[in-house]
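Colleague: Pasting a predicted model and its sequence here:
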Amino acid sequence: MRPRSHTGGRHELGQNFLTHRPTLRRLTTLTAATDGAILEIGAGDGALTHHLARLGRDLRAIDIDAQRVDHLRTRIRGASIQLADAMLEPLDRPVIVGNLPFHLTTPLLRRLLSTHEWQHAILLTQWEVARKRAGVGGATMMTAQAGPWYEFRLHERVPARHFRPMPAVDGGILTIERRTTPLLPFRDRQRFERFVGAVFRSRGNGIRRILRAEGHPTVGIDRALNGAGIARAALPRDLTPGQWARLWQLLGENGRGTRGQ
């Protein structure tokens with residue numbers, strides 16, 4: 001994501017600007033329910049920035065489009081408008097808000113979930129991404145890996161006609177909140193993520209067979225599944241964050257596992 005030249009177009013940056021006032025108000029209401037300084041990702045034409053500025057909080061809004069940043073600086077009071085790349089900008093404010101560029105949703109989410117300074121994220125993403133991250137229809141690997149430390153919630157669908165230019169897919173409002181009391185210690189995160197990743201990528205019909213294929217002994221698997229309240233035929237996508245955390249703990253040594261024993 002390089003800053004656009006003054007002759008570039010918005011299609012160059014994958015921008016779809018939200019024009020629906022009720023949705024703008026909904027994003028602002030969700031933000032108002034949080035505390036602390038705000039970082040808005042992808043200010044675009046400033047539609048959301050205007051609403052956020054009215055909250056009277058410390059607001060920093062960034063965009064990679066130099067032309068639009070210059071324009072917004074002359075139009076919006078009560079906000080610091082900066083030319084910056086969301087893939088490089090420190091995500092170090094308590095509240096992150098943004099209409100994420102659809103083509104960068106997944107890398108931006110990965111970056112967001114790998115940082116530790118923020119507490120709340122209010123995001124407008126592609127509808128299917130929002131559904132998957134919220135675990136509707138089953139959790140994805142990314143959501144399962146982050147579940148012990150973050151809570152995901154799907155709020156509402158935003159039809160494509162509410163954007164300009166109109167994208168090919170609908171949007172969705174997704175919020176992510178850092179858990180006040182994590183389900184696992186943060187020191188376990190990298191090992192836990194590897195464990196979840198291996199389970200999701202393994203072949204097998206049901207979690208019991210998958211764990212056996214991963215080298216865990218049958219007795220340990222059955223004890224862990226019983227203790228975590230997980231059906232033997234459950235698929236990885238069916239497990240709740242609490243079940244993943246408990247399974248990790250019960251498989252031995254806080255999830256280091258007994259593979260190969």
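Modeller: Cool, got the structure. This one's a predicted model, so the numbers in the text were calculated from it and none came from an experiment.
Colleague: quick one: residue 147 from residue 141, how far?
Modeller: Per Cβ to Cβ, to the nearest Å, residue 147 is found 11 Å from residue 141. Heads up, the C-betas are built off the backbone N, CA and C, glycines and all.
Colleague: Neighbour count for those two, which is higher?
Modeller: Shown here are residue 147 and residue 141; by other Cβ atoms under 10 Å, residue 147 has more neighbours (24 against 16).
Colleague: Name the residues of stretch 109-116 that are buried.
Modeller: Neighbour counts over stretch 109-116 (16 or more other Cβ atoms under 10 Å) mark 109, 112, 113 as buried.
Colleague: so the first one touches residue 133, yeah?
Modeller: If I follow you right, that is residue 109. Yes: at 7.0 Å, residue 109 counts as touching residue 133 under the criterion of Cβ atoms under 8 Å.
Colleague: how about the residue nearest the centre of the chain, secondary structure?
Modeller: Nearest to the geometric centre of the chain sits residue 109, at 4.4 Å (Cα atoms, centre = their mean). What DSSP: H, G, I helix; E, B strand; the rest coil gives for residue 109 is helix.
Colleague: can you tell me which residues contact it?
Modeller: 100, 123, 125, 129, 133, 142 (Cβ atoms under 8 Å, 6 or more residues apart in numbering).
Colleague: Give me the sheet partners of the helix or strand residue 157 falls within and which way each runs.
Modeller: Residue 157 belongs to strand 150-158 when assigned by DSSP states H and E. Using DSSP bridges, strand 150-158 pairs in its sheet with strand 171-178 (antiparallel).
Colleague: Please point out which parts of the partner strand sit buried.
Modeller: In strand 171-178, counting by 16+ other Cβ under 10 Å, buried: 171, 172, 173, 174, 175, 176, 178.
Colleague: One more: stretch 49-63?
Modeller: Under 16+ other Cβ under 10 Å, the buried positions of stretch 49-63 are 49, 50, 51, 52, 53, 57, 59, 60, 61, 62, 63.
Colleague: The second one touches residue 77, doesn't it?
Modeller: Okay, so that is residue 50. No: assessed by Cβ under 8 Å, residue 50 is found out of contact with residue 77, at 9.8 Å.
Colleague: returning to that earlier point: in helices, which of the contacts of residue 109 appear?
Modeller: 129, 133, 142 (DSSP state H).
Colleague: Listing request: residues of the stretch 151-261 of the chain with sub-threshold pLDDT.
Modeller: 253-261 (pLDDT under 70).
Colleague: Please enumerate the strands of the stretch 151-261 of the chain.
Modeller: 163-164, 171-178 (DSSP state E, counting those that start in this stretch).
Colleague: closest to residue 152 among the ones in helices among the contacts of residue 109?
Modeller: residue 133 (5.1 Å; Cβ to Cβ).
Colleague: if I pick that closest one, what's in contact with it?
Modeller: Per Cβ under 8 Å, 6+ apart, neighbours of residue 133: 109, 125, 140, 142, 143, 152, 154, 174, 176.
Colleague: try 7 Å this time
Modeller: Residue 133 makes contact with 109, 140, 143, 152, 174, according to Cβ atoms under 7 Å, 6 or more residues apart in numbering.
Colleague: For the last one, name its beta-bridge partners.
Modeller: Bridge pairing for residue 174 (DSSP bridges) gives the partners residue 123, residue 154.
Colleague: surely it meets residue 122?
Modeller: No: Residue 174 lies out of contact with residue 122 (Cβ atoms under 7 Å); the separation is 8.1 Å.
Colleague: Using neighbour counts, pick out the buried residues of stretch 160-171.
Modeller: Buried-residue list, stretch 160-171, by 16+ other Cβ under 10 Å: 162, 163, 167, 170, 171.
Colleague: Can you lay out these as CSV showing distance to residue 104?
Modeller: Below are these laid out as CSV (distance: Cβ to Cβ, whole Å):
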residue, distance to residue 104
162, 20
163, 15
167, 13
170, 17
171, 14
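Colleague: That's all I had, so thanks and see you.
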